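In: Show me how the following folds:
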Amino acid sequence: MLIDVTTAYTAVMDTVRDFGIEQLPFTAVTGRILREPVLSDRDFPPYDRVMMDGIAINYESFGKGQTVFGVEDIQAAGMPRKQLSNTANCIEVMTGAIMPELTDTVIQYEHLTATEHEGFKRFTINAGVEKGQHIHRQGSDAAAGQLVIPAGTLLSAAEVGVLASVGKALVNVSRLPRVAVIATGDELVPVTETPDVHQVRISNSYSLAAALKELGINAECYHVHDNEAAIRQLFESLKHADVWICTGAVSAGKYDHLPLVLEQMGMQQIFHKVQQRPGKPFLFGRFENGPVVFALPGNPVSGFMCCYRYVLPWLRACLQYAAPPVPYAVLGTDINFTAPLTYFLPVRLHPVANGQLEALPPPYHGSGDLAALLQADGFLELPPEKSVFPKGSSYPVWKFR
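Out: I've put the predicted structure just below:
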């Protein structure tokens, strides 16, 4: 029995599960979801920090009219804190250094004129000065113990820098699932072989595995022939996996053994066949205390579309990514599609006025036309209740590029 796309998507998302937590070095967490709050271990910054190369003075002297200051010492970044002994003098300071004691204002070199007399260096201030200028105050970014990165954050290069700054060397993140991608078919041969005229190289499983790398998931790829016993044997060996993504052998042909084998092995079938093109034979189910199964059609565009419409959103939810909004695009040409199915049309996307995306279909010869994806950026989702889709009308687009 066919179910519609919305019902299928809801059924998939109802099975979202947590794969747990793993601890990684902070240098290995880019692109992962944080599963613990990160607190500042001390004030941010931890001291009053010089923001400009120049001199540090006690503003009171300048306020009384003094503009020429003799240099007592130099305070570089990383040096222990020094002290101004005479408030009529100054200390040269470098960006990142701690403010010397008894100083409270920094004047950059660009606003100074340097002179030297008998080995004694002086600076004359030749611009206006505000008390406390060019100082990054201790604790102004975060106080010790303050939350700096909340749990659930998608960790980027910016967060890695903060993790390093607070000494968070080991980080709890969402564990990535163990995923097996299984291609079925007697017509398939390894990539390194030269196919016979009746054969093709394995490609579906590699494009699906490559899509999973967007989430940092390294899937294991397998190939099995159209043989019930061989399929069952392979599946039995993969029960340790969290997710099976199968491609091929799910339709109604005499060699489409996958649905029967999965049923015999005890998989709970949630649905089989969706009111969509491409991807109509899509089968979805799960094993109790075992893997979730996405059994996708063997036609390459069908499986690829299902991956971006169902598999990747499910995996993002399992890993606790915030669901990104689905963008819309406007058709750049009229489209007619009379079948009462949701039509996922490969389209090339072009930015146009008002921040919109325009969608134009490339030459496309159906769900077996893998090469069409080279000229496309995503799938425009056209609803089943219409048959005419005029230029300028807007629809959701599932981007893969």
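In: Helices of this structure, start to end?
Out: Ranges of helices in the chain, per DSSP state H, are 5-13, 59-63, 157-165, 204-212, 228-237, 258-264, 300-306, 312-318.
In: if you average pLDDT over the third one, what comes out?
Out: If I follow you right, that is helix 157-165. Averaging pLDDT along helix 157-165 gives 97.
In: Next: the last one.
Out: What helix 312-318 shows for mean pLDDT is 97.
In: In contact with residue 33: list those residues for me.
Out: 152, 153, 154, 155, 173, 174, 319, 320, 321 (C-beta atoms under 8 Å, 6 or more residues apart in numbering). For glycine as for every other residue, the C-beta is placed from the backbone atoms N, C-alpha and C.
In: The same query, at a cut-off of 6 Å, please.
Out: Contact analysis of residue 33 by C-beta atoms under 6 Å, 6 or more residues apart in numbering lists 173, 174, 319, 320.
In: of these, closest to residue 66?
Out: Relative to residue 66, the closest of these is residue 173; by C-beta to C-beta it sits at 55.6 Å.
In: Give me the distance between the closest one and residue 212.
Out: 17 Å (C-beta to C-beta, to the nearest Å).
In: Residue 242 too?
Out: 12 Å.
In: One more: residue 348?
Out: Distance from residue 348 to residue 212, by C-beta to C-beta: 24 Å.
In: unless I'm mixing things up, residue 87 is touching residue 62, no?
Out: No: with contacts counted by C-beta atoms under 6 Å, residue 87 stays clear of residue 62, the gap being 10.0 Å.
In: What's opposite the nearest residue to residue 383 once chain neighbours are set aside in the beta bridge?
Out: Once flanking residues are discounted, residue 383 sits nearest to residue 342: 6.2 Å by C-beta to C-beta, 6 or more residues apart in numbering. Taking DSSP bridges as the rule, residue 342 bridges to residue 276.
In: so residue 342 makes contact with residue 3?
Out: No: the pair residue 342 / residue 3 is not scored as a contact, 11.0 Å apart, by C-beta under 6 Å.
In: Compare neighbour counts for these two and give me the winner.
Out: residue 342 (22 against 19; other C-beta atoms under 10 Å).
In: Tell me which residues touch the more buried one, please.
Out: Counting by C-beta under 6 Å, 6+ apart, residue 342 makes contact with 5, 276, 384.
In: For burial, what's the neighbour tally of the last one?
Out: Meaning residue 384. 16.
In: distance of residue 333 from residue 379?
Out: From residue 333 to residue 379 the distance is 16 Å (C-beta to C-beta).
In: neighbour count winner among these two?
Out: residue 379 (25 against 13).
In: Next, the contact list for that one, please.
Out: So residue 379 contacts 305, 344, 398 (C-beta under 6 Å, 6+ apart).
In: how near is the closest residue to residue 152 other than its chain neighbours to residue 354?
Out: Take residue 152 and drop its neighbours on the chain: the residue closest to it by C-beta to C-beta, 6+ apart is residue 320, 6.1 Å away. Residue 320 is 34 Å from residue 354, where distance means C-beta to C-beta.
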